[in-house]
Structures are given as structure tokens and as C-alpha cells.
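>>> Provided below are the primary sequence and the corresponding predicted coordinates.
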Amino acid sequence: MSYAFVFPGQGVQEVGMGRDFYDKFTVSREMFLRADEALGFPLSRLIFEGPEEELTKTEYAQPAILTVSIAAFEALRTKSNDLHPSFVAGHSLGEYTALVAAGALKLEDGVKLVNIRGKLMQQAVPLGVGAMAAIIGLDKETVEALCRLVSDNDCLCEPANYNSLQQIVVSGHLRAVERVIELAKERGAKRAVMLKVSAPFHSSLMRPVAEGLAKAFEMCEWRRPKWPVVANVNAKPLEEVKEIQEALLLQSYNPVLWSQSVEFMRGAGVDAFLEIGPGSVLTGLIKKTVKDAKVFSLDSPDKLDGALDFIGGAQVE
């Protein structure tokens, strides 16, 4: 059997995250310092000291999570140079982290890209116009049908994240999202709640983001990744730079096929998923999608030995 590395997306940020890696590992500290220098502002201080409302802003949360995740990944590499995942993947922003981990992008280019991405996503739709909601307990066919029912030429709601078999996030105009919440509750959803986000991410309203990102891509140095990267937009493994770039552009205004990506990796022989970075959101989503999957979350230095044992066991099996 084999294993995969997965990296979290926006929403897991919290003040103080990654400080233990910074304090204990020189290589992790270097990741924070390199990110600060690349961005031209003290991201590390914002991560460690806050304020929380500033760290939560999309343009800062994205490079912050990427930096902390790579700091944890580099600490893992100090423990073992023998890392051979079958695939790497990440949820939304986490796909950029996966590309940095796989050597397709330098850390400096990664943090600059997601900082720009965050700004573009916020600028695409005025505050208060868009919204997102999580629908839990309805299958994807039902949620997709509800989105079609409430959408017209002037007002839309679309699936944005297929997080697990029973958790789908929808995104679009505020009025349409509110209507989907009402209808989902009528259809028997366990929960249907508005998310605390500032824009309708991964909906077609985000299409202008792709144009800005395409220009930003030209300023970066790209390489073929060491390991196949399973793309959010099609749940397929990509290794060619041009394909990866196209998938990232499409990802900005299309849904994140996370559960489909997990199912693909499981079907390709992946038995164990190691989540690297703050929190353990993906660990929970993976277990809800593939119940027999082995999962482990590396979010602090005291879990490093456990992470190595985890992937070692996956290789032995």
C-alpha cells in the first residue's frame, strides 16, 4: 500500500500556529523568514501575535497557512530524507502548498502567489454581495438540484466544495445562497449554515481571479513536481507544468472536488493520508469519505515521530 501528503486550506488559521516548529527547527524558522522577505512585510509576526481579525483576512491567511504547513513539512524532512508519497494534494489554497512541497514552486513564489490570489478573490465581488454556506446531510445530486432551482441569469448559487459525501459547500449571490439554505432544511439537511467568509469563493463570480493569476504565474519559476499533484478541479494527478497552471486557474472559479480527489487516491492504492499543517480538518473529511482510510495529522513537532511511524507502516503494508 502507499501514502499521500495532504495540505489544508483557508479557515484553519489561528494566532500562534506554527510557533513550536519555528522555535524547535532551524529549517522551519528559515521558512518563516523567507516568507517575510518574499512578501516584504512581517507575516511571521502577524501569525504569532495577531491580531486575529487581520490574520483572518484572505490575503494574509493564505500565505500564513502555506508557510506554517511548509514549515511542518520541512521539519518532517529533517527526520527522514526517504519520503515517497504516491500523491500530494491540498484543499483549495492547499493545492499551492502541495506544489511547494513537491518542488514545483519555490516557497517565495508560493507565498507571493497566494497573497495575490487572496487579494484578487476579495476584489472580485464587493463585500455583502456574495456568500457561502455549508450543507450537511444531503447528497450531491440534491444539493446540485437546489442550486439550479434558485439560480437565474442575475442571481446564482453553485456547489463550491465537495468536502465529503455528506458535506457540500455552496457559493454565489447572498439571496440565492439564503434560499438554498431554506430549501435544504426543508429537504431534511442535518445542518445548513452560512459560513463566515468575505466572498463567494469557487463560484463563477470568481472568474476575474483567473486573469490576474495568469499574469502572476508568469513571474514565477515553475518546475515539474517530484510527485503527482491531484488537482482540485478534476481530481486527477497532474505532473506537467502547463496542465498544473491551467488547473489552478480553473480552480479559482470552479468547485473543489475534494471528496472525489480522496476517492481517486484511495482507488489508486493509497491507504494512508498524512495531513501536514495547522488543524486536522482534512483528516476528518477523509474519514467521512473513505471510512477505512488511515489518517494522521502532523500539526505539532511532538507528532513528528508518530508521522514517520505512520508513513513507515503504510509502506510496509
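Received the coordinates, thanks.

>>> all strands of the stretch 101-250 of the chain, in order?
With strands called from DSSP state E, counting those that start in this stretch, the stretch 101-250 of the chain shows them at 130-136, 157-164, 167-173, 191-194, 229-230, 237-238.

>>> can you list the strands that the fourth one pairs with?
Each strand that strand 191-194 pairs with, and the sense of that pairing, follows from DSSP bridges: strand 130-136 (antiparallel).

>>> likewise for the third one?
Using DSSP bridges, the neighbouring strands of strand 167-173 in the sheet come out as strand 130-136 (antiparallel), strand 157-164 (antiparallel).

>>> what residues does the last one touch?
Residues from elsewhere that reach strand 157-164 (CB atoms under 8 Å, 6 or more residues apart in numbering): 91-92, 132, 140, 143-144, 146-147, 150-151, 168-173, 176-177, 179-180, 200-204, 255-260, 285, 288-289. Heads up, the C-betas are built off the backbone N, CA and C, glycines and all.

>>> in helices, which of those appear?
Among these, the members falling in helices (DSSP state H) are 140, 143-144, 146-147, 150, 176-177, 179-180, 258-260, 285, 288-289.

>>> going by distance to Glu243, which of these wins?
The shortest gap between Glu243 and any of the ones in helices among the contacts of strand 157-164 belongs to Gln260, at 17.4 Å (CB to CB).

>>> the chain: helices as residue ranges?
19-24, 26-39, 43-49, 52-55, 58-79, 93-101, 107-124, 140-150, 174-186, 207-217, 241-251, 258-267, 281-289, 304-316.

>>> could you dump the ones you listed to TSV with distance to Asn234 and mean pLDDT?
TSV is the format used below for these (distance: least, CB to CB, whole Å; pLDDT from 0 to 100):
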stretch	distance to Asn234	mean pLDDT
helix 19-24	33	98
helix 26-39	29	98
helix 43-49	31	98
helix 52-55	32	95
helix 58-79	22	97
helix 93-101	12	98
helix 107-124	19	97
helix 140-150	16	97
helix 174-186	24	98
helix 207-217	15	97
helix 241-251	7	98
helix 258-267	8	98
helix 281-289	17	96
helix 304-316	25	86
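
>>> right, so those helices: which one is the most enclosed?
Ranked by mean neighbour count, the helices of the chain are led by helix 93-101 with a mean of 29 (mean count of other CB atoms under 10 Å).
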